[in-house]
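# predicted model and sequence follow; I will ask about them next.
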Amino acid sequence: MRSKINSYLGFAKKSGNLMSGINTCIFGISKGKVKLVILAEDISENSEKKIMKEIRKHGVRYVKYGRGDDLSHAVGTSGRSVFAVCDDNFMKVILDEINRESE
């Protein structure tokens, strides 16, 4: 069964409120569009350093969740390990669901 988080990510992608890929997400962060960054747990060390620098610089919320392949598949891409949510409502439901899963 697909998790609710994967469904929410798919909905966010279809509505134009999700970015994926490190460079696209960094651009979105620098423009102030990003509300939440989701980092795959299997992200490479260099990519993590690069994105964390921007996250800290702009004070964006972030969470580590899931595997890159699973998250990429949920949004119809491949090989991505960084995702940026650009809508407050999607950010809230995704964070709520991640917190619910971790309890």
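Structure received.

# in which helix or strand does residue 38 reside?
Assigned by DSSP states H and E, residue 38 falls within strand 36-39.

# helices or strands up against the next helix-or-strand element following that strand?
As assigned by DSSP H and E, the chain's next helix or strand after strand 36-39 is helix 45-58. Contact analysis of helix 45-58 by 3 or more CB pairs under 8 Å, 6 or more residues apart in numbering; DSSP states H and E lists helix 22-30, strand 36-39 as its packing neighbours. Bear in mind the C-beta positions are built from the backbone N, C-alpha and C, glycine included.

# so which elements touch the last one?
If I follow you right, that is strand 36-39. Secondary-structure packing of strand 36-39 (3+ CB pairs under 8 Å, 6+ apart): helix 45-58, strand 61-64, strand 82-85, helix 88-102.

# need the contact partners of the last one.
Outside helix 88-102, the residues within contact range by CB atoms under 8 Å, 6 or more residues apart in numbering are 3-5, 8-9, 11-12, 15, 17-18, 35-36, 38, 61, 63, 65, 85.

# keeping just the C-alphas, turn stretch 9-29 into CSV.
Taking C-alpha atoms only, stretch 9-29 is exported to CSV below (Å, rounded to 0.1, in the frame of the first residue of the first chain):
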residue,chain,number,x,y,z
LEU,A,9,3.9,14.3,-2.7
GLY,A,10,2.1,13.2,-5.9
PHE,A,11,-0.7,15.7,-5.4
ALA,A,12,1.8,18.5,-4.7
LYS,A,13,3.7,17.6,-7.9
LYS,A,14,0.5,17.6,-10.0
SER,A,15,-0.6,21.0,-8.5
GLY,A,16,2.8,22.6,-9.2
ASN,A,17,3.8,22.9,-5.6
LEU,A,18,6.7,20.4,-5.5
MET,A,19,10.2,20.8,-6.8
SER,A,20,12.7,18.0,-7.1
GLY,A,21,16.4,17.8,-7.7
ILE,A,22,19.1,19.6,-5.8
ASN,A,23,19.7,22.5,-8.1
THR,A,24,16.0,23.2,-8.7
CYS,A,25,15.4,23.1,-4.9
ILE,A,26,18.3,25.5,-4.2
PHE,A,27,17.0,27.9,-6.8
GLY,A,28,13.5,27.7,-5.2
ILE,A,29,15.0,28.2,-1.7
